[in-house]
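[1] Quick check, what structure comes out for this input:
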Amino acid sequence: MSTALTATLAEAWYYPVLHWATTYGLRILATVAVGAFAWVISYRAIDRVTEAAVKRAMTDRPAANRNTDSTTELTDAIMGQRREQRARALGQLLRSISAFIIGGITLLVVLTQLGMDIGPLLASAGVIGVALGFGAQTLVKDFLSGIFLVLEDQYGPGDVVDLGSAIGTVEEVGLRITRLRDASGVVWYVRNGEILRVGNRSQGWTLAIVDVPIAYDEDLDRVRRLVEKIGRQMDADSSYDAVLLGTPTYAGVESVSGDAMFIRVTARSAPDQRLVAERAIREQLKLAFDAQGIRMPVLNRPGTGLPPGNQPNPPRA
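    Take a look at the predicted model:
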């Protein structure tokens, strides 16, 4: 190429652009490509590990048998589903973290290739981070607590939990807040950093407890035989398969008050079906007691000392 032609190209307006594209542009493109490749590799690796954990949880999970007397087997069968959900949640969290780290490193390398001195930038970021650490301690605490909530699988969507400040069904678990809905339909937003204790009623199984009053002079042996019969019938009824995980049993006399004895009936139930199980047991006991002539005393209403039919009329406006 002649000297005159070279000078002409050098003076052309597009030469600086072409020079930048063939030097810095190719480096930046290669850096972005390496970052994208690293993200794809990490994504696939995390995905494979997650799927392996899910398959292992499905393989190790025993078949649920509602007629078994082993509480361990019942717990393992139900907790297997939670291990699958936890594995998928952890996979999503790891993918987000890897994308953030790889993206941040790629951005810093690109800035370096553009000729920028990232030393002051990193120093400024450190100062800002310290300032945010002091000014946003609550926010950082919430995020850290949310990460450990997910990692430790303390609860998940669909669980009925007691968080101290609120009791209800978990609808969403975020890194900053947990959203749950109580029995009356009120939605509660609880900051993860403020959760000091968690009572999870949905892990494994729960115990349905029913206290039924009977007359003081009723034959307890007769009542016990009837309760056991009702328990066997409910256990054999397929309509209760999704509610009961065992046979309702007669636990004994819980308390004696005046003309009434309170007998207790217990049954293992599915975690989210405790109230349904208790209502079903009460209904069946009521029908059986009526059919067999077992008397249930009339209890006084609290605060009045009068039976229900003799309550004072409310004042008229």
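[2] Quick check, central residue of the chain?
    Gly156 (1.0 Å; CA atoms, centre = their mean).
[3] May I have the predicted confidence score for it?
    Looking at Gly156, its pLDDT is 78.
[4] Could you do the one 10 residues further on as well?
    Taken from the predicted model, the pLDDT recorded for Ala166 is 86.
[5] list the contacts for it?
    180, 182, 188, 190 (CB atoms under 8 Å, 6 or more residues apart in numbering). Where you see a C-beta, it was placed from the backbone N, CA and C, and this is true even at glycine.
[6] Farthest pair within the residues you listed?
    Taking CB to CB as the measure, the contacts of Ala166 span a maximum distance of 11.3 Å, between Asp182 and Val190.
[7] Mind checking what secondary structure Gln203 has?
    coil (DSSP: H, G, I helix; E, B strand; the rest coil).
[8] I'd assumed Asp159 was in contact with it.
    Yes: here Gln203 reaches Asp159: they are 7.3 Å apart, a contact under CB atoms under 8 Å.
[9] what is in contact with the two at once?
    Both Gln203 and Asp159 are contacted by Pro271, under the criterion CB under 8 Å, 6+ apart.
[10] Give the buried residues for stretch 237-244.
    Under the neighbour-count criterion of 16 or more other CB atoms under 10 Å, stretch 237-244 has 240, 243-244 buried.
[11] Equivalent analysis for stretch 174-189, please.
    175, 177-178, 180, 188.
[12] I'd like the mean pLDDT over it, please.
    87.
[13] ok so, going back, quick one: the residue nearest to the centre of the chain and Glu172 touch, right?
    No: here Gly156 does not reach Glu172: they are 9.9 Å apart, not a contact under CB under 8 Å.
[14] what residue ranges in the chain score low on pLDDT?
    1-24, 57-83, 85, 118, 121-136, 299-317 (pLDDT under 70).
[15] Tell me where it has strands.
    Shown for the chain, the strands assigned by DSSP state E span residues 160-162, 167-173, 177-181, 187-191, 199-200, 206-215, 249-257, 260-269.
[16] now for those, which one comes closest to Arg279?
    strand 206-215 (8.9 Å).
[17] Now do the closest one: distance to the chain's middle.
    29 Å (CA atoms, centre = their mean, to the nearest Å).
[18] Ok, stretch 216-226 next?
    43 Å.
[19] Equivalent analysis for stretch 177-187, please.
    13 Å.
[20] can you list the residues that contact that stretch?
    By CB under 8 Å, 6+ apart, stretch 177-187 touches 142, 146, 149, 155, 161, 163, 166-172, 188-192, 195.
[21] try stretch 266-286
    Residues outside stretch 266-286 that contact it (CB under 8 Å, 6+ apart) are 71, 74, 78, 158-160, 169, 201-210, 212, 227, 230-231, 233-234, 240, 242-249, 251, 265, 296.
[22] What's the local residue count around Met234?
    Counted by other CB atoms under 10 Å, the residues lying close to Met234 total 20.
[23] Break the protein down into its domains, please.
    Following automatic domain parsing, the chain resolves into domains at 10-116, 154-200, 206-292.
[24] Throw the ones you listed into JSON lines and include distance to Gln137, thanks.
    Shown next, in JSON lines, are the domains of the chain (distance: least, CB to CB, whole Å):
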{"stretch": "domain 10-116", "distance to Gln137": "21"}
{"stretch": "domain 154-200", "distance to Gln137": "9"}
{"stretch": "domain 206-292", "distance to Gln137": "35"}
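[25] residue contacts, Gln292?
    Contacts of Gln292 by CB under 8 Å, 6+ apart are 222, 226.
[26] all numbers from here: first residue = 58
    Got it, first residue is 58 now, which makes that one Gln349.
[27] how about JSON lines for the strands of the chain, with distance to Ile159 added?
    Below are the strands of the chain laid out as JSON lines (distance: least, CB to CB, whole Å):
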{"stretch": "strand 217-219", "distance to Ile159": "35"}
{"stretch": "strand 224-230", "distance to Ile159": "25"}
{"stretch": "strand 234-238", "distance to Ile159": "27"}
{"stretch": "strand 244-248", "distance to Ile159": "30"}
{"stretch": "strand 256-257", "distance to Ile159": "35"}
{"stretch": "strand 263-272", "distance to Ile159": "43"}
{"stretch": "strand 306-314", "distance to Ile159": "57"}
{"stretch": "strand 317-326", "distance to Ile159": "47"}
